[in-house]
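Visitor: kindly generate the corresponding structure for this input.
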Amino acid sequence: MTIHHTKGIVLRSVKYGETSVIVTIYTELFGVQSYIVNGVRSSSKKGSGKANMFQPASLLDMQVYHNDLKNLQRIREFSWAFMYQHIFFDVMKNAAALFMVELLQKTLKQPEANPDLYHFIEDAFLHLDEAKGQAIGNFPLFFALHLATMYGFRLNDDFTSETPYLDLQEGEFTKDHPVHPHFLDMPYSYITSQLLKVMQPQELNEIPLNQETRRKLLQAFQAFYVLHVPDFGTLKTLPVLQEVLG
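Guide: Next up is the predicted model:
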């Protein structure tokens, strides 16, 4: 079986047997894949340290065996692709990262490569790790909006004073009050337009938002995903994130 070198972002890790884990990883080369990793949960310090590398949001460098006919692959070697300075220890950044991971779990379905999407996601976690001030609280909003763009059901940023309603169902700003309940009006529609204009995450520091505004926008963006992603459900990390950002 061929060995491939790929980077990957850990999405989920489940204990398996006495010492193993089954991990779901979004890889640069193969999209979403599941791997069985043996011997990383032994009682020795060596084992437990390795298990930490498979916590959600970890960025790994891997040598993997890949067989298109198998649902469960194996990892030959793994190491940190990047060692976060803050995400695993800072409460706010960790809550934001886990929200981002859950959003990915619910939307990344295909086991196929998409290098642009992979690099966008990797870049987002690296920027979150470095983020300061307002940017930390705004990061989940930025990520949710721009991830949708990568998937192809983006919100069209055509906000003007004449089109103050954001129709989440149609994905566009309109002049008329929508007849359904899935919309945002001022000031939330305007703020969404400002977030859509952000090209570099550090620009998020220039959008000061309070707790109530973030809460309203996060709920609305979840509704947007529910409307556009089949079987999306609800985000379990959302109440935790809102509590921490409060």
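
Visitor: for the residue positioned nearest the centre of the chain, phi and psi?
Guide: In the chain, the residue lying closest to the centroid (Cα atoms, centre = their mean) is Met100, at 2.7 Å. Main-chain torsions, Met100, degrees, to the nearest 10: phi -60, psi -40.

Visitor: ok, and the closest non-adjacent residue to it?
Guide: Take Met100 and drop its neighbours on the chain: the residue closest to it by Cβ to Cβ, 6 or more residues apart in numbering is Phe143, 5.3 Å away. All C-beta spots, glycine's among them, are computed from the backbone N, C-alpha and C.

Visitor: pop out the phi and psi values for that neighbour.
Guide: Dihedral angles (degrees, to the nearest 10) for Phe143: phi -60, psi -50.

Visitor: for Val244, see how far away it is.
Guide: Phe143 is 16 Å from Val244, where distance means Cβ to Cβ, to the nearest Å.

Visitor: what about those two, which has more around it?
Guide: Neighbour totals were compared for Phe143 and Val244, and Phe143 leads with 24 against 18 (other Cβ atoms under 10 Å).

Visitor: after the lowest-mean-pLDDT helix or strand in the chain, which helix or strand is next?
Guide: Taking mean pLDDT, DSSP states H and E as the measure, the helix or strand of the chain with the lowest value is helix 45-52, at a mean of 67. Moving toward the C-terminus from helix 45-52, the first helix or strand encountered (DSSP states H and E) is strand 59-65.

Visitor: quick one: furthest residue from the center of this structure?
Guide: Outermost residue of the chain (Cα atoms, centre = their mean): Glu162, 32.9 Å.

Visitor: what's the spacing between it and Lys7?
Guide: Going from Glu162 to Lys7 by Cβ to Cβ gives 45 Å.

Visitor: then Tyr190?
Guide: 37 Å.

Visitor: which residues sit against the helix or strand Gly8 falls within?
Guide: Gly8 belongs to strand 3-16 when elements are defined using DSSP H and E. Residues outside strand 3-16 that contact it (Cβ atoms under 8 Å, 6 or more residues apart in numbering): 21-30, 32-33, 36, 41, 51, 53-66, 76, 81, 101, 104-105, 108, 118, 121-122, 125.

Visitor: residue contacts, Leu128?
Guide: 87, 93, 96-97, 100, 136, 139, 201.

Visitor: tally of neighbours for the closest residue to Lys216 other than its chain neighbours?
Guide: Spatial nearest neighbour of Lys216, chain neighbours left out: Tyr188 (5.8 Å); criterion: Cβ to Cβ, 6+ apart. Neighbours of Tyr188 under the rule other Cβ under 10 Å: 15.

Visitor: check Ile22 too.
Guide: 16.

Visitor: quick one: it is in a strand?
Guide: Yes. Using DSSP: H, G, I helix; E, B strand; the rest coil, the assignment for Ile22 is a strand.

Visitor: hmm, it is touching Gln73, no?
Guide: No. Using Cβ atoms under 8 Å, Ile22 makes no contact with Gln73, being 10.4 Å away.
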